[in-house]
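A.B. asks: Requesting a structural model of the entry that follows:
(chains A and B)
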Amino acid sequence: MRRPLLPRPSLRFVPVWRRNLRVWRKLMMPSLLGNFGEPVLYLLAFGYGFGRLVGELDGMSYMVFIASGIICSSAMFTASFEGMYSAYTRMAEQNTWLAMLGTPLTLDDIVFAEAVWAASKGLISAAAILVVASALGLVADGRALLALPVVFLAAFTFGSLALVITAVARSYDFFLYYFTLAVTPMLLLSGVFFPLQEMPEWVQGLALALPLAHVVEIVRPLMTGSWPTGVGLHLAVIVSYGAVALVLATALIHRRLIR
Amino acid sequence: MTPPTAHAPGGDTGATASADRARPAIDLQGLRKVYNGTPAVDGIDLAIPAGEFFGLLGPNGAGKTTTLRMLLGLTPIDAGSARVLGMDMPEQEREIRARLGVVPQFDTLDPDFTVEENLLTYASYFGLSGPALTRRIEELLELANLEPRRHARIDTLSGGMKRRLTLARSLINAPEVVILDEPTTGLDPQARHHLWRQLGRLRERGVTLVLTTHYMEEAEELCDRVAIIDAGRIIACDSPRALIAAHVEPWVISLSAASARRFIADPATLPARMLEIADSWLIYTADPAAVHAELESAALPHSTRAANLEDVFLRITGHDLRE
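C.D. replies: Numbers count the residues shown, from 1 in each chain, chains lettered A, B, ... in the order given. Down below sits the predicted model:
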């Protein structure tokens, strides 16, 4: 019997998500410290140190500019880490998924739950940055809250992409390729630290072919008190990457484990 | 204290329960799996009635684990069919696994959780919760003798405790069929006997048990019926006693290699068959008195025992070591 092309996760994914939440809660304090501490360091170091030289960018202080950027990049990093190092540990080291396959769960449920969990971790880190940024007076108005669902969706996409890499990884070292060849270029080219418009056109084109730039395009206006434009297109890029990655990750993990 | 099972008296509706008993709990027909052109499972037909304790024996690489994996939906079936409790694998994998218990060959306990949290989390995958689950977890902790360790981390448990917890975990959904892949490998004798007792109790409760093992005395002690698998095929299948009667002489006399050399130097015409294994020789015979007389006249030290399943295994799979 051929496996259907599209994964068919069921609501049974929820207990898998809750299992990960239960583990996270055991190590919540150091984890949250990282979620809050890191953005504070970034904002202070870049914002004060660098911002003084830069002055204003796109009509906003550099602190505001960078706060709205790292909320996106942090979600990307957090979800990518979760979808690679943590998910790989559960798949290949602890046999957590194998144990789950002795129950009514299927790999479709498990992979979907992992993507949603990676998205949740990304959301937690973005929410922490939002709290820090608003405490520092870097957030314009309540519209900033709308950034959170966008970030959740984006983190789902980055988590799913990470799971594709996990599906083909033979060891933890393999993840460095993805960080070097995909995550870092996206971080530098997507308007997180400086406006995309400063780059040559072909670089802009490249950046817009990748998902992170589109996340920044939606989130930055929401953080600075205006409405983003072209939301439909931006969301379409993010969702397309996420959907294709989830289908691919599920198929590859299926091929790896069910043999 | 009795282990929870789905065959609790009065619990089921009579009609379904008797229908369940009428058809085999597990029904494999022409089951086949090929890896890179080499068949790992090469046409297995097997029906295991409900309530039977069934053993799958065979050398390493014979296809035991692959057969179990196909039953569980962990390996795609290349040809043939696997039906469990009247349902088709893999089409109804969720429904089948909801009524199955699995004890995998290697521990898959969750190292991030305590003993009790492991049971609780595993139960959540079946959608179990509430006071009934709380009671079941208490029962299972008692069954596994792990009540005092309920808050212990997994990495602080001994190998035997981990196996007990894995068995307890597999019973969380009151399964009708429990599949055990080498459940006692690496356990000390006490831990092994403890596990045997628990499996015996499950059998008394009407649970169907399917086990693979390398330990022939385990299969002989526990199983109603065993199948010996070699090169992906069943080469013998019956009760341990019937297999012994059919395949080997009833008595086995063992000799050291040195004694055997002297004995063979003068190969008297004895009603016996000889087999060299490692450092000793086994003499199989239906007439031990004749062999004894011969050995004693030559003053050769020896010992005699009844033939067992291991002798059957050596006889029909060949006696060379395989890796």
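
A.B. asks: May I ask you to confirm that A:Ile253 is in contact with A:Leu163?
C.D. replies: Yes. If you go by C-beta atoms under 8 Å, A:Ile253 and A:Leu163 touch, sitting 7.2 Å apart. Glycine gets a C-beta too; all of them are placed from N, C-alpha and C.

A.B. asks: Up against chain B, what does chain A have?
C.D. replies: A:1, A:10, A:12, A:15-16, A:18-19, A:22-23, A:26, A:94-96, A:98-106, A:257-259 (C-beta under 8 Å from any C-beta of the partner chain).

A.B. asks: Against chain B, how distant is A:Met76?
C.D. replies: Per C-beta to the nearest C-beta, to the nearest Å, A:Met76 is found 25 Å from chain B.

A.B. asks: what's the closest non-adjacent residue to that residue?
C.D. replies: Among residues not flanking A:Met76 along the chain, A:Phe158 sits closest, at 4.8 Å (C-beta to C-beta, 6 or more residues apart in numbering or on different chains).

A.B. asks: residue contacts, the one you found?
C.D. replies: Neighbouring residues of A:Phe158 by C-beta atoms under 8 Å, 6 or more residues apart in numbering or on different chains: A:75-76, A:79-80, A:83, A:118, A:122, A:211.

A.B. asks: Which of those ranks first by neighbour count?
C.D. replies: With neighbours set by other C-beta atoms under 10 Å in any protein chain shown, the maximum within the contacts of A:Phe158 is found at A:Ala75, which has 35 neighbours.

A.B. asks: rewinding a little: could the contacts of A:Phe158 be laid out in TSV, adding secondary structure and pLDDT?
C.D. replies: Listed next are these as TSV, based on DSSP: H, G, I helix; E, B strand; the rest coil; pLDDT from 0 to 100:
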residue	secondary structure	pLDDT
A:Ala75	helix	96
A:Met76	helix	97
A:Ala79	helix	98
A:Ser80	helix	98
A:Gly83	helix	98
A:Ala118	helix	98
A:Gly122	helix	97
A:Pro211	helix	97
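
A.B. asks: in the stretch 1-150 of chain B, what spans have low per-residue confidence?
C.D. replies: For the stretch 1-150 of chain B, the stretches with pLDDT under 70 are B:1-22.

A.B. asks: Can you give me the distance of B:Leu228 to B:Ile277?
C.D. replies: In this structure residue B:228 is Ile, not Leu. 17 Å (C-beta to C-beta, to the nearest Å).

A.B. asks: Tell me, how many residues neighbour residue 46?
C.D. replies: I'll assume chain A. 19.

A.B. asks: not quite, I wanted chain B
C.D. replies: 20.

A.B. asks: outside of stretch B:248-267, which residues touch it?
C.D. replies: Contacts of stretch B:248-267 (C-beta under 8 Å, 6+ apart): B:244, B:272-274, B:276, B:279-286, B:288, B:291-292, B:294-295, B:298, B:300-308, B:311-312, B:315.

A.B. asks: Report the buried members of those residues.
C.D. replies: For those, a burial check counting by 16 or more other C-beta atoms under 10 Å in any protein chain shown picks out B:244, B:272, B:274, B:280-285, B:288, B:291, B:294-295, B:300, B:302, B:307-308, B:311-312, B:315.

A.B. asks: Let me see the domain layout of chain B.
C.D. replies: Listed by automatic domain parsing, the domain ranges of chain B are B:1-99+B:178-188+B:208-241, B:249-306.

A.B. asks: Can you tell me which of these is most buried?
C.D. replies: Ranked by mean neighbour count, the domains of chain B are led by domain B:1-99+B:178-188+B:208-241 with a mean of 18 (mean count of other C-beta atoms under 10 Å in any protein chain shown).

A.B. asks: That one close to chain A?
C.D. replies: Yes. Residues of domain B:1-99+B:178-188+B:208-241 contacting chain A under C-beta under 8 Å from any C-beta: B:72-77, B:90-91, B:93-95, B:97-98.

A.B. asks: Okay, helices next: where are they in the stretch 101-250 of chain B?
C.D. replies: B:115-125, B:131-143, B:159-170, B:189-204, B:216-222, B:240-247 (DSSP state H, counting those that start in this stretch).
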